[in-house]
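Visitor: What follows is a predicted structure for the sequence shown.
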Amino acid sequence: MLQEHGYGRAHHRALHFIHRAPGTTVNNLLDILGVTKQSLNRVLRTLVEDGLVDARVGDRDRRERHLHLTVAGETLNRDLSEVQGERLNAAFAIAGEDAVTGFKTVLEAMMDPDLRRRFIEVAEGRK
């Protein structure tokens, strides 16, 4: 589905995290994704030009850009998530509940603690 739109995984990751934390700044997204500013700028430029992401100037700091998905961005993100969700659900059904719980625990344990804390703060609107 990503290839049909001319996008890669970086585009999907950006859409996902902007959806999870609407209004997040470019700097927060840089921290969450752990990519270079140059690579994120390429991805964001494409998503903005294609009408999927809206980058708004910050109210308090005009140097900041706050990122929001447009209606088209929400639609694409939902479609991508549905396909991914179907695949995960099929795999989870085969693996069983204990395996799923263990899988989630492993994924959380793999996250950098500072990065996880920061993402939770952004997602909960505390930052």
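Guide: Thanks, I have the structure now.
Visitor: Could you use CA atoms for every contact and neighbour count after this?
Guide: Noted.
Visitor: Would you mark the buried spots in stretch 74-89?
Guide: In terms of neighbour count (16 or more other CA atoms under 10 Å), stretch 74-89 has its buried residues at 74, 76, 77, 78, 80.
Visitor: Rebuild those residues as JSON lines, extending it with secondary structure and pLDDT.
Guide: Shown next, in JSON lines, are the buried residues of stretch 74-89 (DSSP: H, G, I helix; E, B strand; the rest coil; pLDDT from 0 to 100):
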{"residue": "74", "secondary structure": "helix", "pLDDT": "97"}
{"residue": "76", "secondary structure": "helix", "pLDDT": "95"}
{"residue": "77", "secondary structure": "helix", "pLDDT": "95"}
{"residue": "78", "secondary structure": "helix", "pLDDT": "95"}
{"residue": "80", "secondary structure": "helix", "pLDDT": "93"}
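Visitor: which one of these is nearest residue 63?
Guide: residue 74 (25.3 Å; CA to CA).
Visitor: Let me know the distance separating the closest one from residue 29.
Guide: 17 Å (CA to CA, to the nearest Å).
Visitor: same check, this time on residue 104
Guide: 22 Å.
Visitor: Next: residue 77.
Guide: The value you get for residue 77 to residue 29, if CA to CA is used, is 16 Å.
Visitor: What distance do you get for residue 19 to residue 64?
Guide: In terms of CA to CA, residue 19 sits 18 Å off from residue 64.
Visitor: Just want to know which of the two has more residues nearby.
Guide: residue 19 (21 against 16; other CA atoms under 10 Å).
Visitor: Surely the more buried one is within a strand?
Guide: No - using DSSP: H, G, I helix; E, B strand; the rest coil, the assignment for residue 19 is helix, not a strand.
Visitor: What sits closest to it if chain neighbours are left out?
Guide: residue 69 (6.4 Å; CA to CA, 6 or more residues apart in numbering).
Visitor: Pull up the per-residue confidence for that neighbour.
Guide: Looking at residue 69, its pLDDT is 97.
Visitor: so what's the residue at minimal distance from the centre of the chain up against?
Guide: Centroid check for the chain by CA atoms, centre = their mean gives residue 17 as the closest residue, at 2.0 Å. Residues in contact with residue 17, defined by CA atoms under 8 Å, 6 or more residues apart in numbering, are residue 29.
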